[in-house]
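Undergrad: sequence and predicted structure, then a few things I'm wondering about:
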Amino acid sequence: MTFTSVCAANAVGEGDMGLFQVGRKSVLLVWAAGGELKAYRGRCPHADMPLTEASFDGTTVMCPHHQWGFDGRSGRCVTHIVRNVLHPYELRIDGGEIQVDLGPAKPARAPA
């Protein structure tokens with residue numbers, strides 16, 4: 001695994017999210033209330049649209065393009081009966097920075 005720095009460790013707090021550009025890839029950091037910090041590909045798996053204007057209510061990431069919602073803890077779609085999920089990235093905190101492994105992003109599907 002090759003980890004790349006995304007931002008300072010305090011850039012995203014519990015109940016918040018942030019979208020960060022890392023080279024040519026966007027990384028969505030989500031910390032659901034009562035959960036843990038997660039990193040996802042910054043594009044909606046429904047139509048591969050950027051999550052630049054996405055909203056987050058502390059639990060659900062809402063894509064502004066077609067109103068698809070995704071659970072911040074698991075990445076699973078919660079608004080439609082589909083197997084689409086946000087593509088997760090491995091995450092670690094090292095030296096006061098949030099780092100992710102930006103290995104090849106492939107369309108993700110929830111297990112059947």
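TA: Done, it's in.
Undergrad: show me what contacts the residue nearest the centre of the chain?
TA: By CA atoms, centre = their mean, the chain has its centre lying nearest to Tyr40, at 2.8 Å. Shown in contact with Tyr40 (CB atoms under 8 Å, 6 or more residues apart in numbering): Val27, Leu28, Val30, Val61, Gly75, Leu86, His87, Pro88, Tyr89. All C-beta spots, glycine's among them, are computed from the backbone N, C-alpha and C.
Undergrad: pick the one among these closest to Phe3.
TA: Phe3 has its nearest neighbour among those in Tyr89, at 9.6 Å by CB to CB.
Undergrad: His66: neighbour count?
TA: By other CB atoms under 10 Å, 11 other residues sit near His66.
Undergrad: can you read off the pLDDT for the residue nearest to the centre of the chain?
TA: What the model reports as pLDDT for Tyr40 is 97.
Undergrad: what do you get for Ser5?
TA: Here, the pLDDT recorded for Ser5 equals 96.
Undergrad: same check, this time on Ala110
TA: Predicted confidence (pLDDT) for Ala110: 58.
Undergrad: cool, Glu14 as well?
TA: On the pLDDT scale, Glu14 is placed at 95.
Undergrad: for the nearest residue to it once chain neighbours are set aside, list the residues it contacts.
TA: Take Glu14 and drop its neighbours on the chain: the residue closest to it by CB to CB, 6 or more residues apart in numbering is Trp31, 5.0 Å away. Residues in contact with Trp31, defined by CB under 8 Å, 6+ apart, are Val12, Gly13, Glu14, Gly15, Asp16, Met17, Leu37, Lys38, Gly72.
Undergrad: hmm, try it at 7 Å
TA: By CB atoms under 7 Å, 6 or more residues apart in numbering, Trp31 lies in contact with Val12, Gly13, Glu14, Gly15, Asp16, Leu37.
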